[in-house]
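Colleague: Model the following, please.
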Amino acid sequence: MQELSNKIVSVIIVTCAIGDYLKSCLDSLKGQTHPFLEIILIDNSLNPNFSQTISKAWPEVKLYSSPKNLFYGQGLNKGIQMSQGDFVLCLNDDVILEKRFIREALKGFSISESIGMVSGKILRQDKQTIDSTGLFLSPWRTAKERGYGIKDKGQFEKEEYIFGVNGAVAFYRREMLEQIKADAEYFDSDFRMFYEDLDIAWRAKNRGWKGYYIPTAIAYHVRGATARQVKGINRRFARHYLSDELHADLIKNRYLAIIKNESRVGFFLHLPLTVFYEILLWGYILLLRPRLIKRFVLDLKRFNSAWRKRRVPYALPHQ
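Modeller: I've put the predicted structure just below:
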């Protein structure tokens, strides 16, 4: 096993300064038992007063104030480019980490050099409901959060391999990120929000990298705090509470992830379930949200970009 207790961890937080979440997130980082932290904040608020407040209150934080909204994926790309750590922890600003989170999560990377992603146990604010114990690829090619929305009764206390990690608390090995990036991007900027975590996990999996789950690394997440209407926070059926713009991204990005990463064998193997899902999805849209069709059509140009990125050669597969 590798000794990682002296390795630098770069923590990247992307914020739009919505709600009163960021302070608690930064406080939880300040209390981490792993001492070698680099904290980078990507400010998407477009509010100069906000960035000035952060600089005064948290002078140790490296701050980048964007002149435009970079959205989540591009914001993380900027943070990774600014960072120096051997490991990169990407956080939503509505996440709070228990004080041993980073120290415990690093144990996952120490098991094997082929582990490029580590997830802890992510709970909701009530500390009883599971938000994610690992990201998986469903048979109908959607992102599936294991344990999503159910009570934590100790059913996920075993360390084990997983497909990928939830984007709200995504811990990566830098070597993996450098190997799988395409067009100088780690996260695909065409995604903006949603499915960017599945895309990066799928790309990594295709290059021989693995994900791992450490249940003793515990974090708390306010599901949907920065993307949904207030009444939709921590609620099931997230798409009901999204704006038309974000809902269109949710639909589009699933297709982009499939185009970029699915194998021919995988496509035909899962085709029956995928078709069934498509019938339900588009039935819902036609009946309840037909406005999304126009937005979706306008984004079809991004499909050509996805096909091109599928053909971009990565570095040699990880051994």
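Colleague: which residues sit in contact with Arg203?
Modeller: Arg203 sits next to 180, 182, 260-261, 314 when contact means CB atoms under 8 Å, 6 or more residues apart in numbering. Every C-beta, even on glycine, is put in place using the N, C-alpha and C of the backbone.
Colleague: what's the helix or strand harbouring Leu89 packed up against?
Modeller: In this structure, Leu89 sits in strand 87-92 according to DSSP states H and E. Counting by 3 or more CB pairs under 8 Å, 6 or more residues apart in numbering; DSSP states H and E, the packing neighbours recorded for strand 87-92 are strand 9-15, helix 71-82, helix 101-111, strand 169-173, helix 174-180.
Colleague: Quick one: mean pLDDT for the helix or strand following it?
Modeller: Taking DSSP H and E as the definition, the helix or strand that follows strand 87-92 towards the C-terminus is strand 95-97. Throughout strand 95-97, pLDDT has a mean value of 97.
Colleague: Ok, stretch 132-140 next?
Modeller: Across stretch 132-140, the average pLDDT comes to 97.
Colleague: Which parts of that stretch count as buried, going by neighbours?
Modeller: By neighbour count, with 16 or more other CB atoms under 10 Å as the criterion, the buried positions of stretch 132-140 are 132-137, 140.
Colleague: and Arg207, how far is that from Glu175?
Modeller: In this structure, Arg207 and Glu175 are 11 Å apart, going by CB to CB, to the nearest Å.
Colleague: Same check on Lys252?
Modeller: Taking CB to CB, one finds Lys252 at 30 Å from Glu175.
Colleague: For the two, work out which one has more neighbours and name it.
Modeller: Lys252 (24 against 15; other CB atoms under 10 Å).
Colleague: which residues does the more buried one contact?
Modeller: With CB under 8 Å, 6+ apart as the criterion, the residues that contact Lys252 are 296, 299, 302.
Colleague: Wait, a helix at it?
Modeller: Yes - assigned with DSSP: H, G, I helix; E, B strand; the rest coil, Lys252 falls within a helix.
Colleague: now the helices and strands packed on strand 87-92 as TSV including mean pLDDT?
Modeller: Formatted as TSV, the helices and strands packed on strand 87-92 follow (pLDDT from 0 to 100):
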stretch	mean pLDDT
strand 9-15	97
helix 71-82	94
helix 101-111	97
strand 169-173	98
helix 174-180	97
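Colleague: circling back to that earlier point, quick check, nearest of the contacts of Lys252 to Gln32?
Modeller: Closest approach to Gln32 among those (CB to CB): Arg302, at 37.7 Å.
Colleague: just checking, the closest one is part of a helix?
Modeller: Yes - looking at Arg302 with three-state DSSP, it is inside a helix.
Colleague: quick one, what contacts it?
Modeller: For Arg302, the residues meeting the contact criterion (CB under 8 Å, 6+ apart) are 190, 252, 256.
Colleague: Distance of the second one relative to Phe267?
Modeller: In other words, Lys252. With distances defined as CB to CB, the gap from Lys252 to Phe267 amounts to 18 Å.
Colleague: Same check on the last one?
Modeller: Noted for Leu256: a distance of 14 Å to Phe267, by CB to CB.
Colleague: Among these two, which residue is more densely surrounded?
Modeller: Neighbour comparison, Leu256 and Phe267: the larger count goes to Leu256, with 24 against 13 (by other CB under 10 Å).
Colleague: ok, and for stretch 207-218, which residues are buried?
Modeller: Buried residues in stretch 207-218, counted by 16+ other CB under 10 Å: 207, 209-218.
Colleague: what do you get for stretch 301-314?
Modeller: Per 16+ other CB under 10 Å, stretch 301-314 contains these buried residues: 302, 305-306, 309.
Colleague: Just want the angle from the helix or strand Ser28 falls within to helix 101-111.
Modeller: Element membership of Ser28, judged by DSSP H and E, is helix 22-30. Between the axes of helix 22-30 and helix 101-111, defined by axes from the mean of the first three to the mean of the last three CA atoms, to 10 degrees, the angle is 60 degrees.
Colleague: in helix 22-30, what's buried?
Modeller: Applying 16+ other CB under 10 Å to helix 22-30 flags 22, 25-26, 28-29 as buried.
Colleague: And stretch 265-277, by the same measure?
Modeller: Buried, per 16+ other CB under 10 Å, within stretch 265-277: 270, 274, 277.
Colleague: Done for today, thanks.
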